Each structure stands twice: as C-alpha cells, then as structure tokens.
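**Q** A structural model of the following input is requested.
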Amino acid sequence: MSALWTSAEIEAATGGVTSAAFEVTGVTFDSREVGPGDLFVAMPGTVSDGHQFVAQAFASGAVAALVSQIVDDPHVLVSDVAAALEAMAIEARRRTSATVIGVTGSVGKTSTKEALAAALERSRKGPVHRSVKSYNNHTGVPLSLARMPRETRFAVLEMGMNHAGEIAALTRLVRPHVALVTAIASAHIEQLGSIEAIADAKGEIFEGLEEEGIAIIPEDSPHRARLVKAALRHADRTITFGMTSDADVSTMAAARSDDGGSLVTARLVDSELTFTLSQRGDHWISNAMAVLAVVEAVGGDLGAAGLALADLGGLKGRGERHRIKLDGGTALLIDESYNANPASMAATLASLGSEQLAGRRIAVLGPMRELGPDAEAMHAALAEPIRSARVERLVLVGDDMRGLAAALHGEIEAVVADDVEQAARLVQAILGPGDVVLVKASNSVGLAALVDRVAGVSA
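**A** From the prediction side, this is the model:
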C-alpha cells in the first residue's frame, strides 16, 4: 500500500518536529481502531487524553503518533494536536484532485452519504473516499480529510452541527464542489431556537463551495426558498430534488417491489432512469433522488448508480435488518437506533406500517434529544404515526416517553421501561414468529445495546 503520509509531509503541514523518518498508510484518533501502518493522533479529550493510549496504539500496529508530549516511539511533536490534525486536513484537501461532495441535513445525511459513495464506486471512474461512521464534527471532518488518499477521484464528506456557525467552519475545510442538503427537521432545535435557524445553519454548507460549485436542495422542504437564497450567494448553479414534479430531479412513478423496496422512475435534468431501490420507505425514495442529482451533476454513471441503489444493504443503526431465530420461525428486527427526531420517527414508523408480516408490528422507541421546550409535545405527537403504522405492541424507554404513552389513551398495548436493559428483557419476552420490531431513539439513549442483545450480535 502506498504511503498516505510521510513524516516529512506531516512535519511540513503541521509545523511539528519529527523524531524519525516514517510513512503511514492510515490515520486514526481512536486507539481501538488502530491497525498496522497507522498514525495515531493523540487528541485531547474532556474525559481522557489520547496520550494515555499511545503505548496501546503502538502495540496495535501504529508506526507513529502525532503528539504534544514527547514519547519514546516515532512521532511528530506539535504544540496543539487538534490544530495539527486540522492542518493535515487542509493539506490533504489542497493536494487532492478529487471532486469533493459535502453532505449535511437534519435527516438522512449518513445514509445518503453511504448511498452516494456506493453509487460513485459503482461507476468505476476512480477511488471513492468517504467519511466513516458519522465522523461529521469539528474533529471527525478533519480526520476524514486527513485520511483521504492522494489518488481519490470522488470524496463524499458529511458535515453535522448542533450550533450555528459549525458547518460554516467545516465547509471551509472541505471546500466542496457540490454541496447537498438532504432535509430540514427539528433536530437540535433546543440549541438553535427555531426550524428557520436550523435551515440557516444547514445552509452554511454553501459558503465553502468552490468556484462553479453546485448546490443540491430539497424541493419538497418548506424551507426550500430559504436554502435557495443561501445557495445563490455562493453557488454557480442550484439543482432541486424531491418526489414532486416541481423538482429538477423528481420521482415520476414509484411502486413497491416484491422484496419491500421500490421500483422507481426518476426524471433527471437531462435524462430519465428506472431503477430498483432496495431500501424501504418514501424517505429513501427522496434520498435516492438526492443521490441521482449529485451523480448527474458530477458526470457519474447514472445506470451504475441505479444498480448501486438496488444493492444497498442496511447500515448499523440506520435500517440494518436482523433475522432472529425463534421456536416456530423467525422475527425481524429493524435497527434504527442511531438517531431520531420527529421527521425521522414519522418516516420509519410509516415504513414499519408498510412491512408485510405474519405476526405483529412492535415498536421500541426511546426519547428524541435536543428538542427544547416543546419536547413533551413532540413526543406525544408520535401517537398519530404510531396509529397509522398499525403498531400492536409498544415498548417505550424512559420517563420522557410517558407523555406519549398517555397520548395513546390505551388504544395500543404499551409499557414504559425504566432503562435499556429492562426494555431488552421486555422485547425478548414478547417476541414471536412473524413479528417485525422497529427500534429507534436518539443515539445517546443507547438502544444499540438492545439491538445487540435481542438480535444476538456480538459486541
């Protein structure tokens, strides 16, 4: 494998001092992820300092470390590790000739990023680099850039925020040629105060657009005009996507396919495409329109993109599907445990309602975080999508969900668990052959542990 960074390049980018010559093939700041050939970035933290794990990183195969304290092994010594990582990110972006795509949004940004990367990889026009996991904040974005190989043809980088100004800073690091906003919803409204402020914060992504940059905007959003206005200050061109005919890239027809996905015909800017979408739910059709809008904008192979959308698997915490063996048959568990806000809750519950099943629809729901003073009302408002989804059993996690239980007025059998462990026991006790279980909450609730326990996934 060719070197991702040499010690001389890191020294030049960061202004640090190298202890010995070396080459690295990867970069990470999580000692649990270190592999042979990596540079370990000893990031300071609020809970623990990365310097405590330098020895562990070298034991796992790291060949060098980026540090602010002298260590015995090969290293680059800098005064500020976080600033040095950002400097490496700036240099990685400077030296690449890749077409860079930035992705943000209140809902669907990680799933869309993964689908877009798969679509571009299928085009086989060169290596595709993307953010891993949800590395989309002030440390994750620099890390994703620093990991970008020189030969990258397309880079798909996710940007997130929970305060105004965060995406503005990130997009100036990423400097995208194409900037995509997937959707606007009430996530982080506690910090930002209004849905309009959230739209403005997401619209900051356009500030970093390169010359002749393209903005991709959701046509179906109530905040379309606000996003377009923000984009026009920086973009050479705007393209809208959605499920209505007004969009530049739109859904002409969609029908449920035999495997639960959709058969979709899309009208693009310069062509039409009929393809099968493996993922379930209308929200995924909208995601697919966003993917196709970007692929067409960057000159990618649309036919290959359609094939990639047909082959998409579920992502852990974002739609991954687990078959659970039981006496007398199997049950299906849908893992949506990574994130939740009112829009994504409604979308995934609607998808649950469309599932073909022999048993019952069961929903395991935990709190949605960062909703501000309207949190109780927003949780109670989930009663209607739960009814519409024909949920028959409901396991709710934590005191924050008691208002939702009350809003159902006993129409649906519901129990409120004190914690995730109790909720897991309840699910295991009621699960039967043919049942379909949806698990969804904000990531901080920890329902991923329930998924692992019920589905029998090894930690």
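**Q** what's the domain layout of this structure?
**A** Structural domains assigned to the chain are 5-79, 96-311, 320-455, following automatic domain parsing.
**Q** pick the most buried one from those domains.
**A** domain 96-311 (a mean of 21; mean count of other CB atoms under 10 Å). All C-beta spots, glycine's among them, are computed from the backbone N, C-alpha and C.
**Q** just the CA atoms of stretch 327-345, as PDB, please.
**A** Extracted in PDB, the C-alpha atoms of stretch 327-345 (Å, rounded to 0.1, in the frame of the first residue of the first chain):
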ATOM      1  CA  ASP A 327     -39.000 -21.500  18.200                       C
ATOM      2  CA  GLY A 328     -41.500 -21.900  15.400                       C
ATOM      3  CA  GLY A 329     -40.000 -19.400  13.000                       C
ATOM      4  CA  THR A 330     -38.200 -16.100  12.800                       C
ATOM      5  CA  ALA A 331     -38.800 -12.400  13.700                       C
ATOM      6  CA  LEU A 332     -37.400  -9.300  12.000                       C
ATOM      7  CA  LEU A 333     -35.700  -6.500  13.900                       C
ATOM      8  CA  ILE A 334     -35.100  -3.200  12.200                       C
ATOM      9  CA  ASP A 335     -32.200  -1.300  13.800                       C
ATOM     10  CA  GLU A 336     -32.800   2.500  13.600                       C
ATOM     11  CA  SER A 337     -31.200   3.100  17.000                       C
ATOM     12  CA  TYR A 338     -28.600   5.700  15.900                       C
ATOM     13  CA  ASN A 339     -30.600   8.800  15.700                       C
ATOM     14  CA  ALA A 340     -34.200  10.200  16.000                       C
ATOM     15  CA  ASN A 341     -36.100  13.400  15.500                       C
ATOM     16  CA  PRO A 342     -39.800  13.900  14.800                       C
ATOM     17  CA  ALA A 343     -39.300  13.700  11.000                       C
ATOM     18  CA  SER A 344     -37.200  10.500  11.000                       C
ATOM     19  CA  MET A 345     -39.500   8.900  13.600                       C
END
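**Q** possible to save the domains of the chain as JSON lines with distance to Leu85?
**A** Below are these laid out as JSON lines (distance: least, CB to CB, whole Å):
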{"stretch": "domain 5-79", "distance to Leu85": "5"}
{"stretch": "domain 96-311", "distance to Leu85": "5"}
{"stretch": "domain 320-455", "distance to Leu85": "23"}
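**Q** quick one, which of those is nearest to Ala89?
**A** Taking CB to CB, domain 96-311 is the member of the domains of the chain nearest to Ala89, at 3.7 Å.
**Q** quote the end-to-end distance of that closest one.
**A** End-to-end distance of domain 96-311: 29 Å, with CA to CA, to the nearest Å as the criterion.
**Q** can you check what pLDDT the model gives Gly456?
**A** Model confidence at Gly456, given as pLDDT, is 86.
**Q** report pLDDT for Glu355.
**A** The model's pLDDT for Glu355 equals 88.
**Q** just the helices from the stretch 201-350 of the chain, written as ranges.
**A** 224-232, 282-297, 302-311, 342-353 (DSSP state H, counting those that start in this stretch).
**Q** now the shortest one: average pLDDT?
**A** Taken as a whole, helix 224-232 has an average pLDDT of 97.
**Q** and that helix, what other elements does it pack with?
**A** If you count contacts as 3 or more CB pairs under 8 Å, 6 or more residues apart in numbering; DSSP states H and E, helix 224-232 packs onto helix 195-203, strand 214-218, strand 237-242.
**Q** so what touches the second one?
**A** Outside strand 214-218, the residues that touch it by CB atoms under 8 Å, 6 or more residues apart in numbering are 105, 177-184, 206, 209, 224, 227-228, 231, 234-242, 286, 290, 293-294, 297.
**Q** pLDDT below threshold where in the stretch 201-350 of the chain?
**A** Applying pLDDT under 70 to the stretch 201-350 of the chain flags no residue at all.
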